[in-house]
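Enquirer: next input, structure requested:
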Amino acid sequence: MFEKERDKYLNRHGFEGMHLKAVLFDMDGVLFDSMKNHSEAWHIAMTKMGFHFPKSEAYMHEGRTGSGTINIVTQRELNRDATEEEKEQIYKIKSDIFNSLHDVEPMPGAMDLLNKLKTDHVTPILVTGSAQKTLINRLNLHFPNTFVPELMVTAYDVKYGKPNPEPYLIGKRKGNLELYEGIVIENAPLGIESASNAGFFTVAVNTGPLEDRILIDSGADLLFHSMQELADHWEALRKCLQQ
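Expert: I've put the predicted structure just below:
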């Protein structure tokens, strides 16, 4: 069912086959339906500091570290990098707003997929650009006995962050994987670019307002329109990626 996409990936990288052992998950917009809150928080924080930042822009920066996002805005509007004090101030405002908004719920279909991974003995690895400790702590609440600290990559682990391939290469190292032994699930252009540039087979789930083409053009090998759709097709995808 997915042989065409698999074969294109294998030919591009010169691999003979895939032997799926792990799935590397982004968090916001993949495991949690949290991007609406992030976009609201970034919009309010940036507006409060006198910057123009429409809610839709947050989706284009999704996966980037907070420091990186703030730098892009100050470069655009002030023609300079943000100072460390500005980064801390703006990110604190953004974090406080995010934490004040209504609770973030798991993305529909995420638990279904994670349960199937457990049954198939496929290891989940978290690779997120987030530094939101409250959201990371929710992993254990909503997905108990699933993600372990030694198989998590967060904003605290990286120097460059998405779209640089560094986060997924760190995830590869932590999982002791070859590239053909893992796949990435991402919903954001920068995250897809990061995973693709790292060399992973990358599955996009379009859970936001962006057009499918934006995610495909960022390097996705395959696209679904929800986590539930991906979960429903997991068995066929797993079999295809273990041949």
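
Enquirer: now the residue positioned nearest the centre of the chain: how far from Gly191?
Expert: Centroid-nearest residue in the chain: Asp26, 2.8 Å away (criterion: CA atoms, centre = their mean). Distance, Asp26 to Gly191, using CB to CB, to the nearest Å: 5 Å. C-betas here are computed from N, CA, C, even on glycine.

Enquirer: overlap of the contact sets of the two?
Expert: Residues touching both Asp26 and Gly191 (CB atoms under 8 Å, 6 or more residues apart in numbering) are 63, 184.

Enquirer: tell me the buried residues in the lowest-mean-pLDDT helix or strand in the chain?
Expert: Every helix and strand in the chain was compared by mean pLDDT, DSSP states H and E; the lowest is helix 133-142, with a mean of 78. Within helix 133-142, the residues that qualify as buried by neighbour count (16 or more other CB atoms under 10 Å) are 135-136, 138-139, 142.

Enquirer: could you do stretch 224-240 as well?
Expert: Using 16+ other CB under 10 Å as the test for burial, stretch 224-240 gives 224, 226-228, 230-231, 233-234, 237-238, 240.

Enquirer: for His52, see how far away the residue nearest to the centre of the chain is.
Expert: In terms of CB to CB, Asp26 sits 27 Å off from His52.

Enquirer: for the least confident helix or strand of the chain, name the packing helices and strands.
Expert: Applying 3 or more CB pairs under 8 Å, 6 or more residues apart in numbering; DSSP states H and E, one finds that helix 133-142 contacts no other helix or strand.
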